[in-house]
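Trainee: Next one to model:
(one chain, ligands or ions: 2)
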Amino acid sequence: MNDAWWSRPCAAADADAACAARARQGRLTKPPGSLGKLEDIAVWWAARQGTERPGVERVWISVFAADHGVAEEGVSAFPQAVTGEMLRNFATGGAAIAVLARHLGARLDVVNLGTVNDPGELPDVHRAVIAPTTANFCEAPAMTREQLREAMQVGADRVALALDHDADLFIGGEMGIGNTTAATALSCALLDEAPEALAGSGTGLDDAGIARKCGVVRRALARQADADGAVDYLQRLGGFEIAALAGAYIAAAQARLPVLVDGFITTAAALTAVRLNEGVRDWLCFSHRSHERGHQRLLDALHAQPLLDLDMRLGEASGAAVAVPLLRMACALHREMATFEQAGVSRA
Ligand SMILES: O=C(O)c1ccc[n+]([C@@H]2O[C@H](COP(=O)([O-])O)[C@@H](O)[C@H]2O)c1
Ligand SMILES: Cc1cc2nc[nH]c2cc1C
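Mentor: Ligands and ions are numbered 1, 2, ... in the order given. All right, here's what the predicted structure looks like:
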């Protein structure tokens with residue numbers, strides 16, 4: 001599938017803008033380097049926005065929800081009905097990400113890709129239902145190739161909408177009972193890791209539950225001997241929301257829209273996106289280190305240093321949303337601080 005849209009080249013960051021921003025950091029009224037990583041954040045954004053003085057004003061958050069056939073293996077602490085129930089909670093504004101989006105003044109876009117306990121039409125929830133659930137990937141490929149294409153296209157379409165709204169930043173989130181098992185299986189396949197290295201507690205499994213989850217992932221991996229690369233792994237082991245996220249990340253990188261990655265599941269989607277199109281990596285900023293066991297290994301594989309480490313493991317884009325004020329502060333300092341010349345302050 002080398003002629004697929006997701007193989008098209010990604011945009012290039014602007015090296016001149018990065019240079020200009022780095023030089024400006026050296027002129028601001030502070031000892032050089034004293035704002036630490038906040039300086040790097042501002043320079044990173046300058047290169048992505050192609051301007052010496054970047055800003056992160058209009059934030060777009062798409063939360064993709066979908067159910068997982070593998071949930072029938074008893075791999076989550078919560079029942080599958082929660083995925084559909086949470087869609088209603090997103091719509092009525094009580095979910096964590098709804099609260100955070102309100103406080104950020106961010107646009108929250110919720111997408112139902114297929115839930116067993118389907119709440120039907122809801123205000124402000126976009127229906128892009130592919131099927132009520134993926135198949136149980138211990139027994140069959142999670143989805144068909146056509147369903148994979150559809151899910152990735154949904155992600156790309158949400159990025160197009162974000163661009164129509166002049167977004168400065170795209171954040172993808174997910175909701176799906178059982179999706180840490182899918183993300184673990186996909187990551188094990190992509191990284192050639194054993195389930196024990198990556199499987200964690202998800203919504204709250206105890207040690208016996210994690211051991212069962214490892215067994216489920218091992219059974220699924222045993223079926224993948226004839227798989228052919230990241231597209232195949234995504235189709236066989238992924239979920240509709242994970243495929244939509246991968247599609248969204250690629251489309252954003254192709255369109256010069258920077259991405260803030262959330263937690264474990266979204267990072268598995270990000271790794272898949274980078275395997276499908278390596279130029280995506282340049283457009284990804286990583287918000288936080290999830291409490292989920294496998295996250296650090298995924299971050300290492302992507303050479304990523306997340307901004308925050310708060311022991312969060314909620315998903316929904318919540319960790320990324322919490323990091324937005326930090327990005328805004330870094331850019332505001334960079335834009336608004338006085339230079340030594342302007343303030344009449346002596347240099348070293
Ligand atoms: O983002 C994370 O790092 C994260 C870590 C653990 C769990 N989650 C969320 O919990 C759900 C999946 O957990 P589980 O146990 O059902 O596989 C799903 O809705 C995710 O958004 C999210
Ligand atoms: C209540 C609940 C909310 C969530 N949000 C993301 N994943 C979730 C899982 C559960 C169980």
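
Trainee: From the chain's centroid, how far away is the helix or strand where Ala253 lies?
Mentor: Here Ala253, judged by DSSP states H and E, is contained in helix 240-254. Relative to its chain's centre, helix 240-254 lies at 9 Å (C-alpha atoms, centre = their mean, to the nearest Å).

Trainee: Tell me if it is near ligand 1.
Mentor: No - using C-beta under 6 Å from any ligand atom, helix 240-254 never reaches ligand 1; the gap is at least 8.7 Å. Using the backbone N, CA and C atoms, a C-beta is placed for each residue, glycine as well.

Trainee: Next, count neighbours for the closest residue to ligand 1 within the stretch 101-250 of the chain.
Mentor: Per C-beta to the nearest ligand atom, the residue of the stretch 101-250 of the chain with the smallest distance to ligand 1 is Gly202, at 2.3 Å. Gly202 sits with 26 neighbouring residues when counted by other C-beta atoms under 10 Å.

Trainee: The stretch 51-200 of the chain: strands as residue ranges?
Mentor: Using DSSP state E, counting those that start in this stretch, the strands of the stretch 51-200 of the chain run over 59-65, 107-112, 125-127, 169-175.

Trainee: Off-centre distance for stretch 148-159?
Mentor: Offset of stretch 148-159 from its chain centre (C-alpha atoms, centre = their mean): 14 Å.

Trainee: neighbours of Gly55, just the number please.
Mentor: 16.

Trainee: mind listing what it touches?
Mentor: Gly55 is in contact with Trp45, Gln49, Asp168, Arg328, Cys331, Ala332, Arg335, counting by C-beta atoms under 8 Å, 6 or more residues apart in numbering.

Trainee: Let's see that with 6 Å instead.
Mentor: Gly55 makes contact with Cys331, according to C-beta atoms under 6 Å, 6 or more residues apart in numbering.

Trainee: Could you do Ser62 as well?
Mentor: The contact partners of Ser62, by C-beta under 6 Å, 6+ apart, come to Asp109, Arg158, Gly172.

Trainee: Test my guess that Cys200 contacts Ser290.
Mentor: Quick fix: residue 200 is Gly, not Cys. No - using C-beta atoms under 6 Å, Gly200 is not in contact with Ser290; the gap is 8.5 Å.

Trainee: element containing the residue of the stretch 101-250 of the chain closest to ligand 1?
Mentor: Here Gly202 is assigned to no helix or strand, by DSSP H and E.

Trainee: so how many other residues sit close to Val63?
Mentor: Val63: 29 surrounding residues under other C-beta under 10 Å.

Trainee: Just to check, it is in contact with Asn112?
Mentor: No - contact criterion C-beta under 6 Å: Val63 and Asn112 do not qualify, at 9.9 Å.

Trainee: Model confidence at Asp3, what's the number?
Mentor: pLDDT, Asp3: 81.

Trainee: coming back round to it: out of the contacts of Ser62, which is most surrounded?
Mentor: Going by other C-beta under 10 Å, Gly172 tops those with 32 neighbours.

Trainee: Return the distance of stretch 307-317 from the chain's centre.
Mentor: 11 Å.

Trainee: Only C-alpha atoms, please: export it in PDB.
Mentor: Taking Å, rounded to 0.1, in the frame of the first residue of the first chain, the C-alpha atoms of stretch 307-317 are listed here in PDB:
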ATOM      1  CA  LEU A 307       6.800  17.200  29.400                       C
ATOM      2  CA  LEU A 308       5.100  15.900  32.500                       C
ATOM      3  CA  ASP A 309       5.100  12.800  34.800                       C
ATOM      4  CA  LEU A 310       1.900  12.900  36.900                       C
ATOM      5  CA  ASP A 311       1.100   9.200  37.200                       C
ATOM      6  CA  MET A 312      -2.000   9.800  35.100                       C
ATOM      7  CA  ARG A 313      -3.600   6.800  33.300                       C
ATOM      8  CA  LEU A 314      -6.900   8.100  32.200                       C
ATOM      9  CA  GLY A 315      -6.600   8.600  28.500                       C
ATOM     10  CA  GLU A 316      -9.300  10.800  26.800                       C
ATOM     11  CA  ALA A 317      -6.500  13.200  25.800                       C
END
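
Trainee: what's in contact with that stretch?
Mentor: So stretch 307-317 is contacted by 61, 63, 96-97, 171, 173-175, 262-263, 287-292, 319, 323, 326 (C-beta under 6 Å, 6+ apart).

Trainee: So which of those residues reach ligand 2?
Mentor: By C-beta under 6 Å from any ligand atom, the members of the contacts of stretch 307-317 lying near ligand 2 are Met175.

Trainee: What subset of the contacts of stretch 307-317 is buried?
Mentor: 61, 63, 96-97, 171, 173-175, 262-263, 287-292, 319, 323, 326 (16 or more other C-beta atoms under 10 Å).

Trainee: rewinding a little: excluding sequence neighbours, find me the nearest residue to the residue of the stretch 101-250 of the chain closest to ligand 1.
Mentor: Thr180 (3.8 Å; C-beta to C-beta, 6 or more residues apart in numbering).

Trainee: where does the chain have low pLDDT?
Mentor: In the predicted model of the chain, residues 1-2 satisfy pLDDT under 70.
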